[in-house]
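Asks: Could you look at this predicted model? Sequence included:
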Amino acid sequence: MHLRVDHVSKSFGHGRQAQLVLDDISFEIKGGDFLALVGSSGSGKSTVMRLIAGLERPTAGSIRLDGQPVRGPGSDRGMVFQKYSLYPWMTAAGNVAFGMELQGLSRSEIRERTAYFLDVVGLADAARCLPRELSGGMQQRIAIARALAAQPKVLLLDEPFGALDLQIRESMQEFLHRLWRQTGLTALLITHDLEEALLLAQTVHIMAPRPGRIVRSVSVALERSTLAQLRVSPDFLALREDLATCLRSLDGALL
């Protein structure tokens, strides 16, 4: 798997009313990579995500997945949003199965894969529950299971834990980290939470706003046996403060 974002720019509007929101963005993701884009509001993080998802088209540059240009949405890219986006009238199993039904898989394969991915996210016992019967963290795990069940080449995570309280958010970060280690999934995380990005991603790109652009890229080569230990390690705290200073300087330049 190879996703390449190559000198991508994006403007909204036309002529004198055109507004440049992304300026010359380039990065790549290979199979098994976990990459994060971090920036404040207005840095264009979600626009990058929408471009990769095929929901928008770049004004300049190109996006290619395994050498093929991205021209629209596709099952090769799974998306998880901040809002859980579950169908309230469907059970947990029904929500996980929905995408596979659209792909036209056989009933037996859908049943097997639904059971497998519910087990992967630790919710096999909740298969018959409706979303309203599940906590926020459980609903987001169902959303992740649904995205994974379609077997995408890359999982796109747009502020996936932003609606959760701190304790559940930290448990979900642990869950996603374990999932990445166990399954080798390829993921792109969009977040404004610098600590979350450093905990989960191998590579972090810092984005500046107006227009959105990558101003710094960092390889996070830290021991991740447990995220709880990583949070308090001196190397992690030093890197977090270094990048936090960078982000503060970017925000201050706009004042």
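Replies: Okay, I see it. Just so it is clear, the structure is predicted and the values come from calculations on it, not from any experiment. Numbers count the residues shown, from 1 in each chain.
Asks: all strands of the stretch 151-255 of the chain, in order?
Replies: 154-158, 187-191, 203-208, 213-219 (DSSP state E, counting those that start in this stretch).
Asks: Burial check on Arg128, number of neighbours?
Replies: Neighbour count of Arg128, defined by other Cβ atoms under 10 Å: 10. Every C-beta, even on glycine, is put in place using the N, C-alpha and C of the backbone.
Asks: re earlier: got TSV for the strands of the stretch 151-255 of the chain, with mean neighbour count, mean pLDDT and distance to Ser11 too?
Replies: Formatted as TSV, the strands of the stretch 151-255 of the chain follow (neighbours: other Cβ atoms under 10 Å; pLDDT from 0 to 100; distance: least, Cβ to Cβ, whole Å):
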stretch	mean neighbour count	mean pLDDT	distance to Ser11
strand 154-158	22	94	21
strand 187-191	25	95	20
strand 203-208	22	96	17
strand 213-219	15	95	13
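Asks: excluding its backbone neighbours, what's nearest Thr183?
Replies: Counting by Cβ to Cβ, 6 or more residues apart in numbering, Thr183 lies nearest to Val120, which is 7.0 Å off, once chain neighbours are set aside.
Asks: low pLDDT regions in this structure?
Replies: Applying pLDDT under 70 to the chain flags residues 84, 252-255.
Asks: Report how many residues lie close to the residue nearest to Thr183.
Replies: Val120 has 18 nearby residues by other Cβ under 10 Å.
Asks: Looks to me like Gln82 is in a strand.
Replies: No: read with DSSP: H, G, I helix; E, B strand; the rest coil, Gln82 is coil and lies in no strand.
Asks: which ones are touching it?
Replies: Taking Cβ atoms under 8 Å, 6 or more residues apart in numbering, we find Gln82 in contact with Asp158, Glu159, Pro160, Phe161, Gly162, Ala163.
Asks: Quick check: it vs Leu65, distance?
Replies: 24 Å (Cβ to Cβ, to the nearest Å).
Asks: and if you look at Thr186?
Replies: Counting by Cβ to Cβ, the gap from Thr186 to Leu65 is 11 Å.
Asks: SS state for Val21?
Replies: strand.
Asks: Strands of the stretch 1-150 of the chain, start to end?
Replies: Under DSSP E, counting those that start in this stretch, the stretch 1-150 of the chain gives strands at 2-12, 19-30, 34-38, 60-65, 68-69, 77-80.
Asks: and the second one, how far from the chain's centre?
Replies: With Cα atoms, centre = their mean, to the nearest Å as the basis, strand 19-30 stands 16 Å off its chain's centre.
Asks: which helices and strands sit right next to it?
Replies: Under the contact criterion of 3 or more Cβ pairs under 8 Å, 6 or more residues apart in numbering; DSSP states H and E, strand 19-30 touches strand 2-12, helix 45-53, strand 60-65, strand 213-219.
Asks: neighbouring contacts of it?
Replies: By Cβ under 8 Å, 6+ apart, the surrounding residues in contact with strand 19-30 are 1-13, 35, 44, 47-48, 51, 58, 61, 154, 186, 188, 205, 211-214, 217.
Asks: what residues are up against Arg132?
Replies: Contacts of Arg132 by Cβ under 8 Å, 6+ apart are Pro88.
Asks: That should have said Arg240, apologies.
Replies: Arg240 is in contact with Leu194, Glu195, Leu198, counting by Cβ under 8 Å, 6+ apart.
Asks: Report the separation between the first one and Leu156.
Replies: This points to Leu194. Taking Cβ to Cβ, one finds Leu194 at 19 Å from Leu156.
Asks: do the second one as well
Replies: Taking Cβ to Cβ as the measure, Glu195 and Leu156 are separated by 21 Å.
Asks: again with Lys10
Replies: Taking Cβ to Cβ, one finds Lys10 at 16 Å from Leu156.
Asks: who's Ser11 bridged to?
Replies: In this entry, Ser11 is beta-bridged to Leu20, by DSSP bridges.
Asks: what about it, how many neighbours?
Replies: By other Cβ under 10 Å, 16 other residues sit near Ser11.
Asks: so how far is Pro211 from it?
Replies: For Ser11 relative to Pro211 (Cβ to Cβ), the value is 9 Å.
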